[in-house]
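>>> structure for the following, please:
(chains A and B)
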Amino acid sequence: MREFGIFDVLTMLWAVQWTAALVVIALIFGAPLGLLLAQMRTSSNKVLNLIALCILQIVQGVPLLAMLMFFYFGMPMFLGVQMPALVSVGVVFSIFAAAFLGEIWRGGIQAVHTAQSEAAACLGLTKWQGFRYVVAPQAFKIALPATVGFLVQLIKNTSLASVVGFVELARAGQLASAATFQPLMSYACVAAIYFAICFPLTHWSRSLENKLNGAR
Amino acid sequence: MALVEINNVRKTFGELEVLKGVTIEVEKGEIVTIIGRSGSGKSTLLRCINGLEQIDSGEIRIGEQVVHAKSTDLRKLRQHVGIVFQQFNLFPHMSVERNITLAPILAGRVQKGAAARELALKVLTQVGLAEKIDAYPEQLSGGQQQRVAIARCLAMSPDLMLFDEVTSALDPELVGEVLKVMEDLARQGMTMILVTHEMGFARNVASKIVFMHAGKVHEQGPPAELFANPATPELQNFISSTR
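Modelled structure (predicted):
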C-alpha cells in the first residue's frame, strides 16, 4: 500500500482526456443525429414523426446505466464479437446525446414562430433554405442555454462508463482509492475535478439564459 | 386574359366552410381591394392565391400557372407573387439589407455583395428608407418595418402583390406612411390584391372593390359606384358601420 499523493492526482487528470473523448464522441455522432431527430419531430410527415418519437421514448425511458450494460455485456452475446469498451460506450453516449439534444432543439425550432418559415416560403425559399437561413439561426439562439446545460449532464454522466471498466475520470478515482485505501481523498479529488469542469459551463449556460431573456 | 382568375373556389376548415364558391378576376395593373367583416374569408382567400392554403375545389390561375395543380412549382410561383403580412414577419436576426437580399441571392437573381446592396438600396429608396439599410428590425417602428417588408417583396420584382391587412397592426399615426408607399406602387402600375379595413384607401386608390360576405363575393364593382349605391343591405350596413 502507498500513500495518496500527487501521482494519483496526475493519473486522474490524465484520465480526464478519456472523459473528454467520450464527450467529444457523443457530440460528434449525437449532434447530427439529434438534429435529424429534431427535424423528424417537427416535420409534417406523421410516419417520420412517430419513428422519432419511439426512439426518443425508448432512450428516455431506459436508464443510461442499463443501456451501457446492454451494449457492453449484452450485445456481444448477440453479435458474437466483443467490442472494445470505447466503441460500445461511445455508441451509448451518442444515442443518449442524440435523444436529449433532439428534444432540446425541437423545442428551439418550435419556439420560432411558424410565420417565419411561412414568410421564407412566400419569398420563394425552399424548405431547406428556410430552415437553414431563417429558422435555424433563431432556434439555435433559443436552444443554446439548454444545450450547454445538457453538456454538463453529459460530462457528469460519462462517469457511468466506469462500470464497464472504461478508465475515465471516475474509474481513475476508483483505482486510486483501491491502491491507496483512501477513498475520501480519492473521491474528493474526483468530485473537485468534475466540479472544476462543470461549474464554468453551468455559469455560462445561466448567463446565456439571462441574456436571452433580457433580449425579449 | 386576366392576370389572376379565381374561379368558384371553395375551402373548408374542418366543419366550417370559409369560402363558398368565390370568383374574382384581376387584370394586369388593377388594384383590387377586398373588404368585408372579420370571418368573411378575405384573408383565407388571399392565402389561397399564393398557395399557402389548399383549396377544396375550384381553380386559381396566375398568368399561365394553376396555383393548386400538382405540377406547379410553388417556389417558382412565389418568386413572382409577393405577399405582405399584417405582422410584417421580417427576419429579426438579419439586417434590413439581408432581409431584402436573401431571397434574390438564393434565387440567383443577384450576386452577393455590391450588386445585392445596390438592389436593397433601390427598393428601400422606393419605400423611403434608404438610410435604414444597416438597421435591424427591432430598431425600426412598426410602420418602418412594414415598409421594409414591402421593399423585401419588391426586390423580387413581383408581377403581383398581395397585402393582408398590412396596416391593422400599426399605431394609427403610422398607417399613413405605409398607405402612401402602397399608393406609389399603385401609381407605378403594380397589380395588387389587398385585404384592408382602410375604407379611405379602398375608395381612392382601388380600381375594383370586392365585398365579401359569408364566404362569397356579395357585390363587386368600381369604388365610386359601390360606395354610392350599395345594392344589398349587407353592404349598406357594412359601409355605414365603417364610417
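
>>> C-terminal to the stretch of helix or strand A:Cys54 belongs to, what's the next element?
Taking DSSP states H and E as the criterion, the element that holds A:Cys54 is helix A:46-61. Heading C-terminal from helix A:46-61, the first helix or strand you meet, by DSSP H and E, is helix A:64-69.

>>> what lies in contact with that next one?
Around helix A:64-69, the neighbours that count as contacts under C-beta atoms under 8 Å, 6 or more residues apart in numbering or on different chains are A:59, A:88-89, A:92, A:95-96, A:157, A:160-161, A:163-164. For glycine as for every other residue, the C-beta is placed from the backbone atoms N, C-alpha and C.

>>> for it, which positions count as buried?
Of the residues in helix A:64-69, A:64, A:67-69 count as buried by neighbour count, 16 or more other C-beta atoms under 10 Å in any protein chain shown.

>>> buried ones in the helix holding A:Cys54, by neighbour count?
For helix A:46-61, a neighbour-count test (16+ other C-beta under 10 Å) marks A:48, A:52, A:55-56, A:59 as buried.

>>> other SSEs contacting the longest helix along chain A?
Of all the segments of type helix in chain A, defined by DSSP state H, the longest one is helix A:6-42. Under the contact criterion of 3 or more C-beta pairs under 8 Å, 6 or more residues apart in numbering or on different chains; DSSP states H and E, helix A:6-42 touches helix A:46-61, helix A:85-111, helix A:136-157, helix A:169-180, helix A:183-215.

>>> as CSV, those with distance to chain B would be great.
As requested, the helices and strands packed on helix A:6-42 are arranged in CSV below (distance: least, C-beta to the nearest C-beta, whole Å):
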stretch, distance to chain B
helix A:46-61, 17
helix A:85-111, 13
helix A:136-157, 5
helix A:169-180, 38
helix A:183-215, 9
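
>>> got a list of what the closest residue to A:Gly34 other than its chain neighbours touches?
When the adjacent residues along the chain are set aside, A:Gly34 lies closest to A:Leu101, with 3.3 Å between them (C-beta to C-beta, 6 or more residues apart in numbering or on different chains). The neighbourhood of A:Leu101, defined by C-beta under 8 Å, 6+ apart, consists of A:30-31, A:34-35, A:38, A:147, A:150.

>>> what of A:Ile193?
By C-beta under 8 Å, 6+ apart, the residues touching A:Ile193 are A:12-13, A:16, A:169.

>>> pLDDT weak spots in chain A?
For chain A, residues meeting the criterion pLDDT under 70 lie at A:1, A:214-216.

>>> quick one: name the residues of chain B near chain A.
With C-beta under 8 Å from any C-beta of the partner chain as the criterion, chain B comes near chain A at residues B:50, B:52, B:74-76, B:78-79, B:82-83, B:85, B:87, B:89-93, B:102-103, B:106-107, B:152-153, B:156.

>>> change it to 7 Å
Taking C-beta under 7 Å from any C-beta of the partner chain as the criterion, chain B approaches chain A at residues B:50, B:52, B:75, B:78-79, B:83, B:85, B:87, B:89, B:91, B:93, B:102-103, B:106-107, B:156.

>>> wait, B:Glu17 sits on B:Lys216?
No - look at B:Glu17 against B:Lys216 with C-beta atoms under 7 Å: they stay out of range, at 10.2 Å.

>>> and the helices in chain B, which stretches?
Under DSSP H, chain B gives helices at B:42-49, B:74-78, B:96-106, B:114-126, B:142-154, B:172-187, B:199-205, B:223-228, B:233-242.

>>> tell me which of the ones you listed sits most buried.
Across the helices of chain B, averaging neighbours per residue (mean count of other C-beta atoms under 10 Å in any protein chain shown) puts helix B:142-154 on top, at a mean of 25.

>>> between that one and helix B:172-187, what angle do the directions make?
20 degrees (axes from the mean of the first three to the mean of the last three C-alpha atoms, to 10 degrees).

>>> packing partners for helix B:142-154?
Using 3 or more C-beta pairs under 7 Å, 6 or more residues apart in numbering or on different chains; DSSP states H and E as the contact criterion, the neighbours of helix B:142-154 among helices and strands are strand B:81-84, helix B:96-106, helix B:114-126, helix B:172-187.

>>> reformat the ones you listed as CSV; add mean pLDDT.
Formatted as CSV, the entries for the helices and strands packed on helix B:142-154 read as follows, by pLDDT from 0 to 100:
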stretch, mean pLDDT
strand B:81-84, 95
helix B:96-106, 96
helix B:114-126, 96
helix B:172-187, 92
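
>>> I'd like those laid out as JSON lines, including distance to A:Gly107.
Formatted as JSON lines, the helices and strands packed on helix B:142-154 follow (distance: least, C-beta to C-beta, whole Å):
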{"stretch": "strand B:81-84", "distance to A:Gly107": "29"}
{"stretch": "helix B:96-106", "distance to A:Gly107": "25"}
{"stretch": "helix B:114-126", "distance to A:Gly107": "34"}
{"stretch": "helix B:172-187", "distance to A:Gly107": "34"}
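
>>> quick one: which of the contacts of helix A:64-69 is nearest B:Val175?
Using C-beta to C-beta, A:Val59 is the member of the contacts of helix A:64-69 that lies nearest B:Val175, at 52.6 Å.
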